[in-house]
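# return a 3D structure for these sequence lines:
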Amino acid sequence: MHTPAVIDHIVKWLTAYLDESGMKGFVVGVSGGIDSAVTSTLCAMTGYPVKVLNMPICQAADQVSRAATHVQWLTARYPTVEGVRVDLTPVFESLKRALPEAIQDDLSMANTRSRLRMLTLYGFSTHHRLLVAGTGNKVEDFGVGFYTKYGDGGVDLSPIADLMKSEVYILAEAMGIVDDIIQAPPTDGLWSDNRSDESQIGATYDELEWAMAFEAGNGDETSLDSRQREVLGIFRRFNRINRHKMVPIPVCTIPTRFKQTKD
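Numbering: from 1, shown residues only. Take a look at the predicted model:
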């Protein structure tokens, strides 16, 4: 990959999109992970105003600390960047008290955390006239659908969604992202036990990239070993059950004959 050219291309794309939109800048939620670190840095490189939001919700201390470290690193290098911390834990706890206990399973509440962050991002977006920049990579957004519908999937534009996870790491190294962020195990930070992405999915991002490429190339399954077949099954399952996130919302099209009035 021609890394400097890729970085330059994304920055120019962000700039052109922003200019066309009539908005004033970008807002990005930073989690202490590599995707949000790269995305926020790319936005900062446009020279336009960028607000980076650290939004802990019952968060592990190391995740909050990495996000804060990235905000400090970014604001020290780019004068148009402003870091904002919004502690959403009290909001989340209040919502838990308001919701029926019967619906508060682990998955529904994990997704609720993500959607609270989306609401917060769009609060800043609306007031300051900023575009919400998504942080999903290609494997998450178009391979396994590993994001929350109307949560971290609710964005205005996706700067790194055509990059594999491995390519995001290459950009991070080239841009000098803090090493603690690069070395940290990927996690969505939505679970009380702080489980990693790999433990949730059952495969590493490298394995998922392989499976995504295998599917695109219509490979020969007879040549696969047992682990490869297992990973391919995992990829296909996630792709199937999360397909609704990756396609436009279904619209019930009414036949013209039903709309025509009789003479």
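
# per-residue confidence averaged over stretch 240-250?
On average, the pLDDT along stretch 240-250 is 94.

# span of it from start to end?
16 Å (CA to CA, to the nearest Å).

# which parts of that stretch are buried?
Neighbour-count burial for stretch 240-250 flags 242, 245 (criterion: 16 or more other CB atoms under 10 Å). C-beta here means a position set from N, CA and C on the backbone, and glycine is covered the same way.

# now that stretch, how far from the centre of its chain.
Put simply, stretch 240-250 sits 16 Å off its chain's centre (CA atoms, centre = their mean, to the nearest Å).

# what do you get for stretch 169-187?
15 Å.

# list of residues touching it?
1, 3-4, 6-7, 32-34, 37-38, 41-42, 62-63, 66, 69-70, 73, 160, 163, 165, 194-198, 205 (CB atoms under 8 Å, 6 or more residues apart in numbering).

# show the average pLDDT along that stretch.
94.

# stretch 43-58 too?
Averaging pLDDT residue by residue across stretch 43-58 gives 97.

# measure that stretch end to end?
27 Å.

# so which bits of it are buried?
So stretch 43-58, judged by 16+ other CB under 10 Å, has buried residues 43-46, 48-57.

# just stretch 122-133 next, same as before
Applying 16+ other CB under 10 Å to stretch 122-133 flags 122, 124-125, 130-133 as buried.

# among these, which are in strands?
130-132 (DSSP state E).

# select the longest helix from this protein.
helix 106-128 (DSSP state H).

# and that one, what does it pack against?
strand 25-30, strand 50-54, helix 89-98, strand 130-132 (3 or more CB pairs under 8 Å, 6 or more residues apart in numbering; DSSP states H and E).

# neighbours of the closest residue to Ala211 other than its chain neighbours, just the number please.
In this structure, Ala211 finds its nearest non-sequential neighbour in Phe235, 3.6 Å apart by CB to CB, 6 or more residues apart in numbering. Phe235 has 24 neighbours, counted by other CB atoms under 10 Å.

# the strand or helix carrying Phe235: which residues count as buried?
Element membership of Phe235, judged by DSSP states H and E, is helix 226-241. For helix 226-241, the neighbour count (16+ other CB under 10 Å) marks 228, 231-232, 234-235, 238-239 as buried.

# same question, stretch 92-109
In stretch 92-109, counting by 16+ other CB under 10 Å, buried: 92, 95, 109.

# span of it from start to end?
Distance across stretch 92-109, first residue to last, is 9 Å (CA to CA).

# what's near enough to touch Ala110?
Here Ala110 is in contact with 148, 188, 190-191 (criterion: CB under 8 Å, 6+ apart).

# nearest to Val155 among those residues?
Thr148 (11.4 Å; CB to CB).
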